[in-house]
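Colleague: The following block contains a protein sequence and its predicted model.
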Amino acid sequence: MVQMSRHPAIPPTPLPQLSGASLSFASRTLLVGCDENRCGRLEAFGMMNSLEAGERTPISGNESMVLTHELRAMHEAILVGVNTVISDDPQLSVRLCTGSNPQPVVMDSSLRIPESCALMTSSTCKRPIIMTSRAVSSEKVIKLQALGATIRRCDANKDGRGLDLKSVLFNLRQYGSVMVEGGREIITSFVRSDFVDRVLITISPRFLGGMSSYSGGGPGEHGGGHPKLQICCLETIGGDIVLLSKLEPRDLDLI
């Protein structure tokens with residue numbers, strides 16, 4: 001089992017400012033929070049693992065990947081966005097350590113999930129719970145239910161282009177813990193919400209091009225601008241750096 005100390009002997013090391021760099025560190029982000037409606041512990045884990053859409057790019061070392069699977073085994077459910085399913089076709093199962101598979105959950109407001117994806121067809125995958133909007137057609141719902149998926153309709157968010165996270169979490173209240181494994185839009189939504197209080201970031205020592213794993217808003221956007229982190233501890237796991245941090249309280253004057 002991969003161990004990461006909760007109280008490291010060394011203080012956190014300041015990270016360089018990379019906001020203006022043309023190359024960015026490959027990173028994965030774990031967000032940990034609790035929602036106000038007692039929906040259980042929420043953990044969000046997002047990984048930017050491709051340079052272009054549809055192209056998978058290995059990032060983390062073997063030890064970090066074991067840590068990912070151990071985190072999966074610690075949770076009752078695991079949530080991703082439909083874009084992650086389309087681009088990566090993940091199994092969302094526990095394979096690199098012992099433990100039970102969590103229940104897959106997919107946020108998919110328009111039911112774009114491919115019927116041929118691993119979550120819908122593989123004998124080694126649990127069939128997913130799909131969080132979708134109240135406006136989707138019954139025909140799509142019936143077809144996915146026939147393949148074993150569970151459909152749960154949620155409220156739309158304020159801009160009407162996605163799902164309201166409070167509604168999603170309310171629909172997951174039966175699970176004691178939920179691990180959210182990205183991708184970019186999901187990570188951004190949770191960072192901008194009030195459901196996150198801790199962040200675990202895994203940094204791989206290599207440079208990549210492509211897109212960032214977080215799409216931050218300016219001071220005038222919901223979420224109060226760019227989030228700041230308070231580093232609680234730092235550990236090296238294999239060749240990767242793992243940071244456990246907290247999100248600093250947002251400046252209410254900017255919201």
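Modeller: Alright, I've got the coordinates.
Colleague: what about Pro205, neighbour count?
Modeller: When neighbours are counted by other Cβ atoms under 10 Å, Pro205 registers 11. Backbone N, C-alpha and C define where each C-beta goes, glycine included.
Colleague: Ile241 is in contact with that one, correct?
Modeller: Yes: with contacts counted by Cβ atoms under 8 Å, Pro205 reaches Ile241, the gap being 7.4 Å.
Colleague: what separates Ser64 from Ile187, distance-wise?
Modeller: Going from Ser64 to Ile187 by Cβ to Cβ, to the nearest Å gives 17 Å.
Colleague: between those two, who's got more neighbours?
Modeller: The residue with more neighbours, out of Ser64 and Ile187, is Ile187; 28 against 21, by other Cβ under 10 Å.
Colleague: Could you report the distance from that one to Ile241?
Modeller: Plainly put, Ile187 is 19 Å away from Ile241 if you go by Cβ to Cβ.
Colleague: Test my guess that Leu234 contacts Ile241.
Modeller: Yes: when contacts are counted by Cβ under 8 Å, Leu234 is listed as touching Ile241 (6.7 Å).
Colleague: quick one: the helices in this structure?
Modeller: With DSSP state H as the definition, the chain shows helices at residue ranges 62-73, 82-88, 118-121, 138-146, 165-171, 184-192.
Colleague: can you tell me which of those helices comes nearest to Met131?
Modeller: The minimum distance between Met131 and the helices of the chain falls on helix 165-171, with 5.1 Å, by Cβ to Cβ.
Colleague: Spatially nearest residue to Pro128 (excluding sequence neighbours)?
Modeller: Taking Cβ to Cβ, 6 or more residues apart in numbering, and ignoring the residues beside it in sequence, Pro128 has Pro104 as its nearest neighbour in space, at 4.1 Å.
Colleague: OK, contacts around that neighbour?
Modeller: With contacts defined as Cβ atoms under 8 Å, 6 or more residues apart in numbering, Pro104 is in contact with 77-80, 92, 119, 125-129.
Colleague: now His69
Modeller: For His69, the residues meeting the contact criterion (Cβ under 8 Å, 6+ apart) are 94-97, 99.
Colleague: Just give the nearest non-adjacent residue to it, would you?
Modeller: Beyond its immediate neighbours in the sequence, the residue positioned closest to His69 (Cβ to Cβ, 6+ apart) is Leu96, lying 4.1 Å away.
Colleague: ok, the one you found - how many residues close by?
Modeller: Residues near Leu96, counting by other Cβ under 10 Å, number 17.
Colleague: How about the backbone phi and psi for it?
Modeller: Backbone dihedrals for Leu96, given as degrees, to the nearest 10, come out at phi -100, psi 10.
Colleague: Quick check: it vs Val168, distance?
Modeller: Leu96 sits at a distance of 28 Å from Val168 (criterion: Cβ to Cβ).
Colleague: Beta-bridge partners for Gln230, please?
Modeller: Lys246 (DSSP bridges).
Colleague: from what I can see it touches Lys246, true?
Modeller: Yes: using Cβ under 8 Å, Gln230 is in contact with Lys246, at 4.7 Å.
Colleague: Tell me which of these two has more neighbours.
Modeller: Comparing Gln230 with Lys246 by neighbour count (other Cβ under 10 Å), the higher total belongs to Lys246, at 15 against 12.
Colleague: In this structure that one contacts Pro227, no?
Modeller: No: with contact taken as Cβ under 8 Å, Lys246 and Pro227 are classed as non-touching, separated by 10.4 Å.
Colleague: if we can go back for a sec, and the residue nearest to Pro128, what's its pLDDT?
Modeller: Turning to Pro104, the model gives it a pLDDT of 97.
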